[in-house]
Structures are given as structure tokens and as C-alpha cells.
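Participant: sequence first, predicted model second:
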Number of protein chains: 2
Amino acid sequence: MIELDNAKDEIEKGIINQDMLILVGNCFVDYLGRATSKLPKGKRLVLIKGDGSIAIHQNRLVKPTNYRVNTRIGCELVDGTLVVKANKQKPAEKLTITFQNIQDIKRYEIEATNELRLSGSERDLNELLMQDLSMIEAGLKPVNQQQQFRKGIADIIAEDKDGNFVVIELKRRQADFASVTQLHRYMKEVENMKGKKARGILLAPDIRKNARELLEQLGLEFSKLDFELTPNEKEKAKIKGLEHKQQKLF
Amino acid sequence: MIELDNAKDEIEKGIINQDMLILVGNCFVDYLGRATSKLPKGKRLVLIKGDGSIAIHQNRLVKPTNYRVNTRIGCELVDGTLVVKANKQKPAEKLTITFQNIQDIKRYEIEATNELRLSGSERDLNELLMQDLSMIEAGLKPVNQQQQFRKGIADIIAEDKDGNFVVIELKRRQADFASVTQLHRYMKEVENMKGKKARGILLAPDIRKNARELLEQLGLEFSKLDFELTPNEKEKAKIKGLEHKQQKLF
DNA sequence: GCGATCAGCGGCACG
DNA sequence: CGTGCCGTTGATCGC
């Protein structure tokens, strides 16, 4: 066990230094903000970061039980306990950790960089498709990418060989109800703007059965998007194929 | 710095014991699964939990750069590095952390409980409303709570004093486009099932301006939900009032 | 700052 | 197991 006043010094040093801090000890946690919560007494691990993020972890799941981001963290000794507070205004939120004891406290100097290079995101796939819209359908030409409307932002807008506007919504994973209604909303908006019928194509690796039903009722199209992730850093991802489900009939 | 073979022993001990493990050191991280990512060499903090959760943290933000949940974690010494792997099938995912060195390794015995008592969730508000639907509108009677359709699950279905079906969608925070289309979807489904017109009411503390426009176009109603969080453990939350925006005109 | 949307969403509850 | 959806969603990007 660590003396609480020593712990306090160490925490304050860590906060000033923008270190990463690990606190382990018996504590309870109160949160009042967008919701309220009480975490009863128990042994937890608290992770404080240089940017004022704080997370209380129990020994399960990746997500913390309690957390707060981008806040000013302070601590004080109160009645033989060490109280760590992470409060914030707008929205008003209070996070209070009360330690009965501190078993361990660790301070690590780690730079606050963000160097993760991720690929296979929707943005990547979008870029790939824009390079050659004919992958989706022969004769398709880009009109406007990520065009903003009053009712949202469509992923891709194009014009098909017959001069119809085509709204394309791209999903990197199985499409659901929300994906379908999203596309429908954009399609309606385009129809309103242009004053004529438009098409809507949902592009995803898969679609849930009921979502597919809704899609068809709304007069939208689904096209299976088959893409491959490349561990190679040079190319971000690779689109292996696109398959209109309707074509299966032939 | 810690000898890598000692670190390996300690990690393996921790995994068997289902402890919480903290590793700090220079490493790079490769992920291949639903997407791919590379995190170049740098000093990071890795948190491993008893249920096989693993998270790589940099010194900013609450969320880890890389993570994996519910996996079998193994480690081995390879060419003077310590490699921690968290692989999984279905879907196939590989997470590999390669440590050049380990500055610190900590092992904490913490029980894997989940005792957080949270209140003010949508579920709580739903329960409160169901106790007295007349808060929403005089004469409103419950028909079915959380009724399941082919196209989703409506929060509340009721009947108004004139015998119309009323579909109610509840949001604990500012309603957006998705909230509106969600309600619309349920309302249409009820109309289909019952074979007559239905009403739809969106209940939320606030609604985005454009979402409100869409809501009105779709013939739906909005009602401002004013609720209060109680730090008191006995009562979950309190609904202070409900206000139909239309009433503001009078 | 707000608005809109994605996320390797995670996690949960229900069928 | 999949389906649907909430979340103190968080985080990002654009305006």
C-alpha cells in the first residue's frame, strides 16, 4: 500500500507532466452527467492520460466502466481518502473516484502521438470506387462526391448511361435498416433537388434479410461489394468485385 | 528495462491467473481483421484483462488504438523481441504486438465483477413513461411495449383517445435524422399491420433543426421530454415534463 | 462551435 | 448464434 499523501504528490506530478498514470486500489466511483452511475467499493485500475482522459477499468471487457475525456483532473485528501475528480462544464459532468487505499501507482512518460495507419475504412473504399465508377455499373459517371444536402451527406452521386441520377451509399460491413433508410433519405433529397426520379444503390459486403426486404419495398438496389484487405502498406485495400444481386437471375 | 524472458513468464502467469496486466515498452502493432492497421514503433501501454480483452493505449483519448476482445492471448520470444498475439476465428482476426523492449510489467489480481449501477438510460425513461402514458397525452393507453416487427422494434405503442394507434420513439438525447427515420419506419409498419393510419411521436430532450424539418414532412410529431437525473439510488430518474412544440403557438 | 456520420464501433438483450 | 439497437456512445471531418 502507498501512503495517500505520497500518491497525491505522484498523481499531481503526473498530471503536470502529462504522463500516463496507472492507479490501482480500492475505490468507489460516482458519475453525474449525461446519466448517473454509482460503482460500489471494489478494486479497480484507473488510467489517466496526458490529454485529460480518465478511465476506470474493471477486470473485464475493453470498455471502462466509467470514463471522462478531455477534462481537468484534480485530486485531494478528504477524511483519510484520496479523491480524484474529473469535472467539466458544457455539458456539466462530474466524475469522482474515492480511493480508500492505493495499492500501486505508476507514472509513464509516453509521447502523445497518433500514428495509427488504418486501411479498409469506408473512406478508403470510397476513394477506390471513385477511381472507376464503372466497377459499379457500366457507363456510370461521377457527379459529386459526398454532396451535402439539407438532409445529410450522400457518399457518391453519379449519373447512369441513361442520364438518371444515381445515389450510392457505401457500407464497409453488413448493411442494416439504418443503411437502407439513410440511402432512401438521400435518394429522396436528390429527387427533390433535381425534380426527377433518381436511383439508389446500396453497396455493402452483405445485407440483413429484413433490411433487404425494406430496400426492395423502397425501390432501392443492392449490390454486393467484395473487397480485400491488403496488409501491404502501399495499397490501402482492393475491390475484388461487385455483383448486382439481380444478375444472379440470369 | 525488464529481461524479455522474465516478461514472458510474468505475462503467462498473469494470463493463467486471469489477472489484469499492464505492459509498457517500445513496440509496434499489426492488425488484420475487419480492417488492417499498422502502428509504427513507439512507446505504448498495453492493458490485458482476465477475460482475454487486450488494448493498446497511446497517451491520448479514452479509446485504445488497437484492441481485441474475448480472445486467447499468447506470447513468445522471436529474434530478440517479445511477441504478444491475440488471434481469433470467426471472424478471422490477428492482432500482433512486437516489443523491442519492456520497460515495465505489472500484474494485479482484480475480481472480474460488473457492479456498475447506471440510471438515466433509455430503458429507465421508458419504464417511467409506461407507468403513466397520460404524461405524453391525455387519454393515451398502452397497447404494447417494445413490440417487435419485421422492420424493427418500436419503443412504445399506444392508443389515443380517438382510437388511433400511436407509435412512440424515445431518445435520451438530442434526436437526429436516424431517430426520425426510425420512428417513421415503425409507424409505417404499424399502419401496414393494422390497416389504418397511425400517429408517430418522437420523444426527446431536443431535436436537430434539419431532423425536425424531416419529421414534419413525414407527418410525425415531436414532443420535448424534460427529465432529471437523480443521484439518489432509490429512484432511477424523474420526468419533469413533456411539451408538445405545437402548443407553443397558443 | 455545431452538424453529420463512421466505427475493426462495443455491448446487451431477445428470439 | 444472428438481429436490432442503445451508448455518459467516442472520434473525425466539414462547415
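Facilitator: All right, it came through fine. Numbers count the residues shown, from 1 in each chain, chains lettered A, B, ... in the order given.

Participant: next up, the contacts around A:T36.
Facilitator: Residues counted as contacts of A:T36 (Cβ atoms under 8 Å, 6 or more residues apart in numbering or on different chains) are B:L118, B:S119, B:G120, B:L229, B:T230, B:P231, B:A237. Bear in mind the C-beta positions are built from the backbone N, C-alpha and C, glycine included.

Participant: quick check: the gap between the residue nearest to it when sequence neighbours are not counted and A:R68.
Facilitator: Residue nearest to A:T36 in three dimensions, not counting chain neighbours: B:L229, with 4.7 Å by Cβ to Cβ, 6 or more residues apart in numbering or on different chains. Separation of B:L229 from A:R68 (Cβ to Cβ, to the nearest Å): 16 Å.

Participant: picking that back up, so which of the contacts of A:T36 sits lowest on pLDDT?
Facilitator: Among the contacts of A:T36, B:P231 carries the lowest pLDDT, at 72.

Participant: just confirm that residue contacts A:D30, I think it does.
Facilitator: Yes - using Cβ atoms under 8 Å, B:P231 is in contact with A:D30, at 7.5 Å.

Participant: the two - which one has more neighbours?
Facilitator: Each of B:P231 and A:D30 has its neighbours counted (other Cβ atoms under 10 Å in any protein chain shown); A:D30 has more, 16 against 12.

Participant: output the contacts of A:T36 in CSV; the columns should cover secondary structure and distance to DNA strand C.
Facilitator: As requested, those are exported to CSV (DSSP: H, G, I helix; E, B strand; the rest coil; distance: Cβ to the nearest atom of the strand, whole Å):
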residue, secondary structure, distance to DNA strand C
B:L118, strand, 10
B:S119, strand, 14
B:G120, coil, 16
B:L229, strand, 20
B:T230, coil, 21
B:P231, coil, 22
B:A237, strand, 18
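
Participant: could I get the residues you listed as CSV with distance to A:R60?
Facilitator: As requested, the contacts of A:T36 are exported to CSV (distance: Cβ to Cβ, whole Å):
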residue, distance to A:R60
B:L118, 16
B:S119, 21
B:G120, 23
B:L229, 26
B:T230, 28
B:P231, 26
B:A237, 26
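
Participant: and which of these is nearest DNA strand D?
Facilitator: Closest to DNA strand D out of the contacts of A:T36 is B:L118 (5.7 Å), distances taken as Cβ to the nearest atom of the strand.

Participant: burial count for that closest one?
Facilitator: The number of residues packed near B:L118 is 16, by other Cβ under 10 Å.

Participant: about what we covered before: between B:L229 and A:R68, point out the one with more neighbours.
Facilitator: Between B:L229 and A:R68, counting by other Cβ under 10 Å, A:R68 is the more crowded of the two (22 against 18).

Participant: so who does that one touch?
Facilitator: Contacts of A:R68 were listed using Cβ under 8 Å, 6+ apart, and they are A:S53, A:I54, A:A86, A:K88, A:E93, A:L95, B:V62.

Participant: now swap in A:K49 and tell me
Facilitator: A:M20, A:L21, A:A112, B:H57, B:N59, B:R60, B:L61, B:V62.

Participant: give me the low-pLDDT residue ranges for chain A?
Facilitator: A:144-151, A:232-234, A:245-250 (pLDDT under 70).

Participant: hey, where'd the helices end up in it?
Facilitator: Using DSSP state H, the helices assigned to chain A run over residues A:4-17, A:122-131, A:177-194, A:209-217.

Participant: mind putting the ones you listed into JSON lines with distance to chain B and mean neighbour count?
Facilitator: What follows is those, written out as JSON lines (distance: least, Cβ to the nearest Cβ, whole Å; neighbours: other Cβ atoms under 10 Å in any protein chain shown):
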{"stretch": "helix A:4-17", "distance to chain B": "11", "mean neighbour count": "16"}
{"stretch": "helix A:122-131", "distance to chain B": "9", "mean neighbour count": "16"}
{"stretch": "helix A:177-194", "distance to chain B": "4", "mean neighbour count": "21"}
{"stretch": "helix A:209-217", "distance to chain B": "6", "mean neighbour count": "16"}
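
Participant: for DNA strand D, find the nearest of the ones you listed.
Facilitator: Nearest of those to DNA strand D, taken as Cβ to the nearest atom of the strand: helix A:209-217 at 3.4 Å.

Participant: CA atoms of that closest one as CSV?
Facilitator: Extracted C-alpha coordinates of helix A:209-217, given in CSV (Å, rounded to 0.1, in the frame of the first residue of the first chain):
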residue,chain,number,x,y,z
LYS,A,209,-32.5,-10.2,-44.7
ASN,A,210,-35.2,-7.8,-43.3
ALA,A,211,-33.2,-4.8,-44.4
ARG,A,212,-33.1,-6.2,-47.9
GLU,A,213,-36.9,-6.5,-47.8
LEU,A,214,-37.3,-2.9,-46.8
LEU,A,215,-34.8,-1.9,-49.5
GLU,A,216,-36.8,-3.6,-52.2
GLN,A,217,-40.0,-2.0,-51.0
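
Participant: give me the contacts around it.
Facilitator: Residues outside helix A:209-217 that contact it (Cβ under 8 Å, 6+ apart) are A:175-177, A:179-181, A:183, A:202, A:207, A:221-222, B:150-151, B:185.

Participant: ok, which pair from those residues is furthest apart?
Facilitator: The distance between the two most remote of the contacts of helix A:209-217 (Cβ to Cβ) is 20.4 Å, for A:E221 and B:R150.

Participant: of the two, which one has the most company?
Facilitator: Neighbours were tallied for A:E221 and for B:R150 using other Cβ under 10 Å; the higher tally belongs to A:E221 (18 against 11).

Participant: not counting its neighbours along the chain, what's nearest the more buried one?
Facilitator: Setting aside the residues directly before and after it, A:E221 is nearest to A:I201 in space (Cβ to Cβ, 6+ apart), at 4.7 Å.

Participant: could you do A:F177 as well?
Facilitator: Leaving aside its sequence neighbours, A:F177 sits nearest to A:A211 (Cβ to Cβ, 6+ apart; 5.1 Å).

Participant: which positions in the lengthiest strand in chain A come out as buried?
Facilitator: Longest strand in chain A by number of residues (criterion: DSSP state E): strand A:93-108. Within strand A:93-108, the residues that count as buried by 16 or more other Cβ atoms under 10 Å in any protein chain shown are A:93-99, A:101-103, A:105-108.
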